[in-house]
Structures are given as structure tokens and as C-alpha cells.
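**Student:** Everything below, folded, please.
(2 chains)
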There are 2 protein chains.
Amino acid sequence: MEHLRVAAARITRFSAATLYCKNFKIDGKLSLLLQKTSIDGHSISENSRNASSIPPTLSLSPKKCLKASPARPGQKSIGSNCKGTKLILKTPKGTRDYHPPEMTVRRKVFDKILDVFHMHGAVEIETPVFELKEVLTGKYGEDSKLIYDLEDQGGEILSLRYDLTVPFARYVAQNRIGNISRYHIARVYRRDNPAMTKGRYREFYQCDFDIAGSYDQMLPDAECVQVIHQVLSSLDLGDFVIKVNHRKLLDGVFGACGVPSDKFRPICSAVDKLDKSPWSEVRREMVDEKGLEADVADRIGEYVKLNGKQDMLDALKSDERLKNNEDAQAAIKELELLLHYTSLLECDASLLLDMSLARGLDYYTGVIYEAILKENQNGEDADSGPTSKKIKKKQEGEEEDEEGGAVGSVAGGGRYDNLVGMFDAKKRTVPCVGVSFGIERLFTIQERKIRQQGIKIRSSCTSVLVVGAGKGMLEPRLALCALLHKSGIRAETSRKMNPKFLGQLQHAEEHGIPVVVGVGESEVQEGVVNVRCTATRQETQVPRVQLVAHLQQLLPTLEKL
Amino acid sequence: MEHLRVAAARITRFSAATLYCKNFKIDGKLSLLLQKTSIDGHSISENSRNASSIPPTLSLSPKKCLKASPARPGQKSIGSNCKGTKLILKTPKGTRDYHPPEMTVRRKVFDKILDVFHMHGAVEIETPVFELKEVLTGKYGEDSKLIYDLEDQGGEILSLRYDLTVPFARYVAQNRIGNISRYHIARVYRRDNPAMTKGRYREFYQCDFDIAGSYDQMLPDAECVQVIHQVLSSLDLGDFVIKVNHRKLLDGVFGACGVPSDKFRPICSAVDKLDKSPWSEVRREMVDEKGLEADVADRIGEYVKLNGKQDMLDALKSDERLKNNEDAQAAIKELELLLHYTSLLECDASLLLDMSLARGLDYYTGVIYEAILKENQNGEDADSGPTSKKIKKKQEGEEEDEEGGAVGSVAGGGRYDNLVGMFDAKKRTVPCVGVSFGIERLFTIQERKIRQQGIKIRSSCTSVLVVGAGKGMLEPRLALCALLHKSGIRAETSRKMNPKFLGQLQHAEEHGIPVVVGVGESEVQEGVVNVRCTATRQETQVPRVQLVAHLQQLLPTLEKL
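**Tutor:** Got it, this is the predicted structure:
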């Protein structure tokens, strides 16, 4: 117990205390030991500050952070609230708190997405979280039932936004904007059935990039595909496929197969289910529920299984039924142009024309697209078959997102040329095309990656911890912090009068603070400080007046995260 | 008209066209001329892209951007919606859209605030926009009527958050957190009477920094005052005062003056109104509405007019009535410590103890503070009297925020040691202290400053515009964009097949894009591009293979905003 006595002795010189500390290699293991040891009646490992129950470098646990089931560890039932009823301490169904390490992951994902949006000259806007209910009315078809309404408390009738696209169209119409490329990153609200482990929430982020304005055919559309390609590449999520289709091609096929035009949208909705249900079930819906003749459904069935690139378009161009169909021929020409432009933009490798892609929302009028991650991220499902096979697999059983499973579509969008016109008295419209990233799913994947790779995440970005050796060092510590802050150096110090010396060093190690600046009585008298590099445990004595300059040189070399 | 004929001629070489352009000094004035001139039947100034009705470098107009009155220019009544009723195209009462230049200002304000929060080792969390209604119940006193409730659509009863403090306390209790320093920047919701030009909205940002955990007396409290000082200094808003008081000092004074203890909170609420009403009115409320005896009220009146620093504390220490009042004496000791610590932290210059400060919310238990900008920002009100006089002026007629007027309090907070315990079955609590910045007001001030100084704001951050001279340049332009994007260079090009050459250059000038990379037929044949610096109009011919390296050297020198 010799060493413990050394530590317990009054330490008034920084270096002596540090020597002790070096001998004991303060790290994760030792900290466990220290927690059970007490000196002077205090726990020696008592953290001087921020000893949060959420470890600062938490390896993300999905059970802890992502679920909101009744078994959620953080959820507590407290005795009673002021009304005497039991209050379950939880976030509302389908929502979650974001803890500091998760926020750090999220910031990084956002930053990468923003880099791409900025690459395309996009500007940022923000709209209110709620809109007049009427603004949302008639835009989402049967999904309208998922809209959160606010209580009528006198005044306007409001609803929480369901997506960022309709508020954007309202914004363009209201402000009479001719053209704009804007991005908007914000949360939207859907009273859907949540599946938290799959990253499906009732409150979730969307990250939208849209181009409004009259431009030449397919140039903005190709740019949106490029944006998807660039974002998913930069997030390094493994292989992905960007499925592309065209609403007018679908309509042309429906017409050519004999679908009455008033059934185009309901039949399109049925096709949309092909990403979750097999053809047999979709066909049943078309025939039994939507009253389509069986041979018409079978003809559609021949088309929706097609996918490819120029080869698919060539086949469709020479298809007998589509030859004289104007919609189909126009769409085929547009898709050819899209292939050409995306090739020039070097983002066509992951592109796949897919006739089964329909997209849910009614407002699309042209090209539509959706991005899907091709394989799981931990290699468990080592399916090395051809792309189309893997895609088919997703189609048949999408969203079985256990650890490492599929998370489904991570981005989607398309052209919607008539939405702005719905807000204009004279039906003056502005053609639009855009893409929305399903951020929560990207987070879920990134968090999983971090767990699997055992990466530690720093949640704070303090550069310097100012510590005192021995009692009575509060005043020099505060003065040092003030000095460093004035030069923009992120420095913190314990919020205790006389924190344990070892506890302070341990705090620096646990929180990954790269530099410790230490003072004891002797240092104060001599007008110096000790600068200790946390990683190497190397120490340098520096005159106090040279401290800022010293750190400004040292820190950039240490803070490469 | 010789020059117009030159422009109309087919331009196939970049430099020739630029020469023309140089002769005409394309700038704001010329662009007006060009808009009225047409060549080949097209408007020559037709912007190739992003010719938004919101100018990219808009000088912020308060009337255009900040008001939401019925006269709001952006607000339109459209014929009828799908139900046949008139739909007024607007954002909900008390809310606004943020346009791109405003978002740019906001990002800058946020960044400066974040820099300070990070200086203090704070980590970030996020909570849902709504909470179970019960979580908010009983926390806000009479302000509870301002809470937005969601409609009961089956399931949980929810309300939009009213501030970030109560959700934070819920977060700490639910996750059993012992200590944390966290920040949270998010919008909160209050069905209050909006005053948009004063930066008072129903949906507005709060920027909160809070320290939860058991630390030594006044150290976290002093740090919060330091954070206010650092944020307001870094935003460069002119002089400010941080008024400080202590709830226990107020309670001590009330007790010593003869207020019955069950009337402490109502009388405290009355004192809180001193920032808007004169003493005579507050006294009337105490006596007529709250049943206080007149001489008791008069005694309180003597205390609430006190302010100062150590001198005020010295006076209170020797005050006959307070001598034996434990609450008051404990609070005085704490305030002395606060003065000492803030002096060490070099943030006491703007601090003023002020006995009239009471803060509205019930949950404060210790030190309370509020920051107020001392003078208007355009010098119209050149009152150079002593600090206390200026403060008094604000107290009597706060928030007369015409252009350049007062915007009132921009930050506030205090210690709330019992709030977390309200969420715990065993009433186990975690002491907390924090500060909240009224961001919208800071935006309002920053926007005003920008208008007054005539600063132009760039909303996009494109570095390079790729332009084509003559027809048929789309493919080389797209390929150049792809090339630059791969190196992380923010490059955009027109979304038209054959945009007007001059329109492209004009786009670069109007949007402040620092570099134009141009190609014509000859350049393509020779494997070169023209690199034009927008500011100097200097041109260099660079081999295509050296373009990326050339720009990586050039751009950092040009992009100092």
C-alpha cells in the first residue's frame, strides 16, 4: 500500500504526483480498481467533473440507445405526479433522446451531406415545424391519416409537417420564387407504426435537396442522382444501387396493357408494394381489390420485372405495345438522356433502371428514384450473387434489420412539376425535382459500424484540462482557464475547490483530452506550468507567459481525430 | 450597337467573349441595362441558373423577411383549395420562414455560440420536439396556458416543448445521470402574443447550456456567467450588462419585510414585472391584488431599488433587518463568492447585482441572471449617461424595438436544484444551473447590423462556376464538374444546354463565385481551360490536367470571406 500512501500525502508539486501516476498506468482497467479504493474517506476515482452515467466515449449500444420498449433501461416509473396518477418517465412513442456520442455521429453524417449539397451551390432555408392544416390537405393520399394535428386551442388549425417537400412547395409559391436550389435538414412527423431498431421513428430527420425552376430536360434530374451517388459514396456505406423509373413510362405501360386511365394511380400504388410483397400478392390486389382484368394484370407483370440500363430501354423502344404510346416513348427518351448525363457526371455505375419502382406519393410526375444499400454491413450475409439477385432478395423481405440486416431505402425522390401550382391561385407552377435522405437509417448504419469496429467516440472537444496539484490551486486554475479562453483554446478545469489530483488526470484520459496543464504551489511561485501530453505522458515545464504560444504550436499536432 | 452584334455572334472561344465582357464592366448597373436588352429573342441577362426572386446577396429587408402581418409581401390568397374554401398562403401565426441569407446569418451566430459552449467541455444532446403532456404539467405556473397541445388522436397525450430546461431535467432523471454539462440548440413553442419585429415568435430557437451535478459552491454558477460574457462579447453586440440576483436573498428580504411565507412566490412574480412596469404599479399589484400591507410593500420598495457590486453586499450585510436572516446571509455569501470567481474568470466587468431582478419561472432556487444589451445598435439613442441610468430607462419602457431600439433581455437563467427531483420517485435530485440565449433576438440584432453596414451576404458557397463559350459545351462542362467534385472542389454549371455566355459570367458576379472555369471549342481541342478570377477579371489558360492542382492553390487565397 506504499503507493496509496504516496497519493494520500499532500501533493504540492505537479511532477511528483504525475510520476506516481505514470507508475500506475491510469487506464480503463486501473479506473475499475480505483473505484473500489478509497483514500481519506473519498473515492479516489471520483471524477472531478462530468463523470456522467453516460460514458464520454461510449461504444454505442443499440439496446440502450435505440429502443423505446417498456424494457428500456432509461425508462422509469415514478411514484406519482402532481395529479396523483403514475407518470411513466419516457419519451413519446416512436421518439428518442439523442445522447452525446450519438449527436457526434450525427454531426459527422450531416457534415458530409452538407459538403455534397454545398458542392451543388445549394442554399439553406427553414420553415416552421407546423403548417396550416390546409397546406397539407390533399397532398399525401391515404397517408394523410398519419399526420399529427395540433389541438384546436383557438386560432388557426395546425398540423406538424409530414415531409419537407410540401412546405418547400408552399415556400416557393408564397414567395413567388422562380428558381432555387435549396437544402433543408429538419425533423418531420408521422404517426406511423415505429420500428426503432430499423431506424423507423415517428419523429425523424429528413435531409432534402431540391431544384426548382425551368431548366433543360434531365439536367436537374441527373444532378439529383449525382447527389445521391456522392452522399452515399462519401458516407462509405458499402455498395448501393440507385433504382430509377419514370412515372410516364409506368403510365404508358398501364395504358398499353389496357388499364383504364382512372385506375392508373391505384394500380401504381399496387406496383409500389413490390418492394415488400411478391408479385403474386400484388397481382391479387390488382385483380381482387382494384378490379383489374386478370390478363391485364398479367401483361403488367411482364413489364414490372424488367430492369437494366440502355438494354432495357432498347427492349422497350422496340416493344410492340409501347411503340405508339406517346407517354412511354417520351419517358424512354428522357431516361436515355439521364443515362447519358449520369455517365458524364460519373455517377452511373450504381444506377439501375427498374420497372418495379413506383414510389408512394401521388405528386411525382416524371423520373423517380430510390437508393438501397446492397448488402449488410457486417458480412454475415455473404451473398455474392449478381446485383439483381440481391435486389430481389430485398424486395421479398425488406427491412429485416437485425444487427447487420437490411435497412431498406436510404434515399428517394423524383420530379414533381405540379405541386407548387397547387398553391397558386392561377395554377402557375414551378417544375421541381429533388431527393430526400432517410437520415435515421444512415445513423443506424453508422452507429452499427462504430460498434462493430469498436471505435471510441469523443463527445466533447476540450483541448486542455487545467489541473491543480495539492490544495489551494483553484484561483490559479481559474486564471489559467481565463487566459486560455481568451486565445480561443478550449480549456476546462474541475468545478471542485480541491479535486483529487489523480481524479483530474483520469478525467483527461477518459475523455481523451489531449493536453493537461498542471500547477502546484511551486509552479505558481516560479511562474511556470507543466504541460503534459495525455497520449505520451510526456511533460514539459513552460513559463506561464509562453503557455499560449506553446499550446498553439502543440495542439494542432495532437488533435487529429 | 456594334458590341451587341459581337455578343450575338456565335462565340466559340472563351477569351474573345470575355474581352467583350470586360469592355462592358458587367456589374450591378450593367445588369439592369442588360435586362432590358434582348438578343436572339432572349433576354441576355437571363440567368443560367438560380436566378431566384430572392437575390443571392440580399441586403436584408425587415419588411420583407421579418414581418408576418397580413400586408406581408410573400403572403398570397389563392383561389380556393380542394374544399372550395379560400386558403391564405402563409406560415402559422407567430412563425416565419427563414430565407437563405437569414440562414447564413443564423449559422454564423450558432457557430460563435457553439465555440463558447465547446470551450467549456459541453456535450450535445437532443430530445423530441414534444413530450408527454404530464412531463410539462406543473412546471411553468400560470404560463402553462401558453403550451401547445397536440390533438388526442388516440394514444399518448402530447405537448410541444415550452423550453429546453424541463426536457433536460426529464432526460437527466430518466437516464439516471449524475452529472453532465450539455448544450442543446432547438426551437421551443409558446402560444404567446407574437411581436415579430422584436424577435418575439411563437416558434423560436433557444440555445441552452446547463451544468448538472454536485460541485463546489458557485463554481458552475460563475461558469454560466462567464459563458454569457463570452457569447455576447464574441457576437460583438456592443455593451451589455449581466444583472444578477439570488432567490434566497429575495426570500430573505420578503421575510424580513414581513411578507407571509405563502406569499413569497406571488410577491416574487410582482417584482419580476419591474423590468416592464414602474414601482408604483408593482406596489399597487402587491397591495391591491395580492393583499400585502402597504408598509410591507414600501419596505420591499426600499430593497428592490438597490444595485451594485460588493458595495451593495456590504450594505446588505450590515442591514438591521437582514442581520439575522439566514437565507439572506447565505445568499450574500454566495454572491460574494460569485463576484470573486467571476473576477478571476475576467467576466465581472459587465456584471451588476440588481435586487429588482426576479425571473418569472418558479423553479429557480439560487442565483438568477439576465443579460441585457445596454444601448441600441445604430447610435440614434446616444445616451452616454451612467450605466444605472441606462438600465433604468430600459426598465421603464423595455422592448420598444423599432429599428435600433431595445430588444430587451438576450440571455437568462439561474440555479434550479429541485427540478430533476420532480421526475424521480424517490425525489432524488441533481442540482443544476444553466443559461438560455434568446437566439431570435440575437438574429434580429445581427440582421439589423448587417443592413446598417450594408454588408452583402453570400448564401451559397460555390467556389467555381464552369461556363461554356458557344453551343455544344454541355458535355465538357459536366465532365469538368465531375472532375472538380472528385477533388472536393465546389463547382457548379448551368442546368441549360446552351446558356448565354454573358448570363453565366453575370451569375458568377452576382453570386460572388470567386472563380470561373471556361471552355469553348478551341479549348476542348487544345486540352486547356480558362481560369478567370471574378474579382480581378484576370484570366489564365491552364492545361486541363493541371486544373485541379491550379485551383487548389488559387482558391484558398480568394475565399477569405
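**Student:** If you average pLDDT per helix and strand, which one of chain A comes out bottom?
**Tutor:** strand A:38-39 (a mean of 30; mean pLDDT, DSSP states H and E).
**Student:** ok, and the closest non-adjacent residue to the residue nearest the centre of chain A?
**Tutor:** Centre of chain A computed as the mean C-alpha position; nearest residue by C-alpha atoms, centre = their mean is A:Ile439, 3.4 Å away. Residue nearest to A:Ile439 in three dimensions, not counting chain neighbours: A:Tyr205, with 3.9 Å by C-beta to C-beta, 6 or more residues apart in numbering or on different chains. Using the backbone N, CA and C atoms, a C-beta is placed for each residue, glycine as well.
**Student:** Can you tell me the element the one you found falls in?
**Tutor:** Taking DSSP states H and E as the criterion, A:Tyr205 maps to strand A:203-212.
**Student:** Each with direction, which strands does that strand pair with?
**Tutor:** strand A:180-189 (antiparallel), strand A:432-438 (antiparallel) (DSSP bridges).
**Student:** Give me the buried positions along that strand.
**Tutor:** A:Glu203, A:Phe204, A:Tyr205, A:Gln206, A:Cys207, A:Asp208, A:Phe209, A:Asp210, A:Ile211, A:Ala212 (16 or more other C-beta atoms under 10 Å in any protein chain shown).
**Student:** Poorly predicted segments of the stretch 451-561 of chain A, please.
**Tutor:** Applying pLDDT under 70 to the stretch 451-561 of chain A flags residues A:560-561.
**Student:** related to what we said a few turns ago, what would the strands paired with strand A:203-212 look like in CSV with distance to B:Ser234?
**Tutor:** Shown next, in CSV, are the strands paired with strand A:203-212 (distance: least, C-beta to C-beta, whole Å):
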stretch, distance to B:Ser234
strand A:180-189, 25
strand A:432-438, 33
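**Student:** where along the stretch 351-500 of chain A do the strands fall?
**Tutor:** For the stretch 351-500 of chain A, the strands defined by DSSP state E, counting those that start in this stretch occupy A:351-354, A:367-373, A:409-415, A:432-438, A:464-468, A:491-493.
**Student:** Just say helix, strand or coil for the nearest residue to A:Gln329 once chain neighbours are set aside.
**Tutor:** Once flanking residues are discounted, A:Gln329 sits nearest to A:Leu322: 7.1 Å by C-beta to C-beta, 6+ apart. Assigned with DSSP: H, G, I helix; E, B strand; the rest coil, A:Leu322 falls in the coil class.
**Student:** ok, back up a step: among the strands paired with strand A:203-212, which is the most enclosed?
**Tutor:** strand A:432-438 (a mean of 25; mean count of other C-beta atoms under 10 Å in any protein chain shown).
**Student:** contacting residues around it?
**Tutor:** Outside strand A:432-438, the residues within contact range by C-beta atoms under 8 Å, 6 or more residues apart in numbering or on different chains are A:113, A:163-165, A:168-169, A:172, A:199, A:204, A:206-212, A:220-221, A:224, A:227-228, A:231, A:366-367, A:369, A:409-417, A:419-420.
**Student:** Repeat that for stretch A:293-304.
**Tutor:** A:253-254, A:257-259, A:267, A:271, A:274, A:279, A:283, A:286-287, A:321, A:355-356.
**Student:** and which of these is nearest to chain B?
**Tutor:** A:Ile267 (22.8 Å; C-beta to the nearest C-beta).
**Student:** Packing partners of the helix or strand hosting that closest one?
**Tutor:** Using DSSP H and E, the element containing A:Ile267 is helix A:264-272. Helix A:264-272 is packed against helix A:247-257, helix A:294-304, with contacts defined by 3 or more C-beta pairs under 8 Å, 6 or more residues apart in numbering or on different chains; DSSP states H and E.
**Student:** after the last one, next one along is what?
**Tutor:** Remark: after helix A:294-304, the chain's next helix or strand is strand A:307-308, criterion DSSP H and E.
**Student:** Closest to chain B out of the buried residues of strand A:203-212?
**Tutor:** Looking across those and measuring by C-beta to the nearest C-beta, the closest to chain B is A:Glu203, at 5.4 Å.
**Student:** got a list of what that closest one touches?
**Tutor:** By C-beta under 8 Å, 6+ apart, the contact list for A:Glu203 reads A:Pro92, A:Gly94, A:Thr95, A:Arg187, A:Val188, A:Tyr189, B:Pro128, B:Val129, B:Phe130.
**Student:** Check what pLDDT it gets.
**Tutor:** Listed pLDDT for A:Glu203 reads 96.
**Student:** Across the sheet, point out what pairs with it.
**Tutor:** The partner residues for A:Glu203, given DSSP bridges, come to A:Tyr189.
**Student:** what does the one 4 residues further on give?
**Tutor:** According to DSSP bridges, the residues that bridge with A:Cys207 are A:Ile185, A:Phe437.
**Student:** got a list of what it touches?
**Tutor:** A:Cys207 neighbours (C-beta under 8 Å, 6+ apart): A:Phe110, A:Ile113, A:Tyr183, A:His184, A:Ile185, A:Ser436, A:Phe437, A:Ile439.
**Student:** how near is the last one to chain B?
**Tutor:** Here the distance between A:Ile439 and chain B works out to 12 Å (C-beta to the nearest C-beta, to the nearest Å).
**Student:** And for the fifth one?
**Tutor:** Using C-beta to the nearest C-beta, one gets 11 Å for the distance from A:Ile185 to chain B.
**Student:** isn't that residue right up against A:Thr127?
**Tutor:** No. Checked against C-beta atoms under 8 Å, the pair A:Ile185 and A:Thr127 is beyond contact range at 11.9 Å.
**Student:** Could you list the residues in contact with the host helix or strand of A:Phe168?
**Tutor:** Element membership for A:Phe168, per DSSP H and E: helix A:165-174. Counting contacts by C-beta under 8 Å, 6+ apart, the residues outside helix A:165-174 that touch it are A:125, A:127-128, A:131, A:135-136, A:139-140, A:161, A:177, A:180, A:182, A:184, A:208, A:210, A:212, A:363, A:416, A:419-424, A:430, A:432, A:434, A:436, B:74-76, B:78, B:89-90, B:97.
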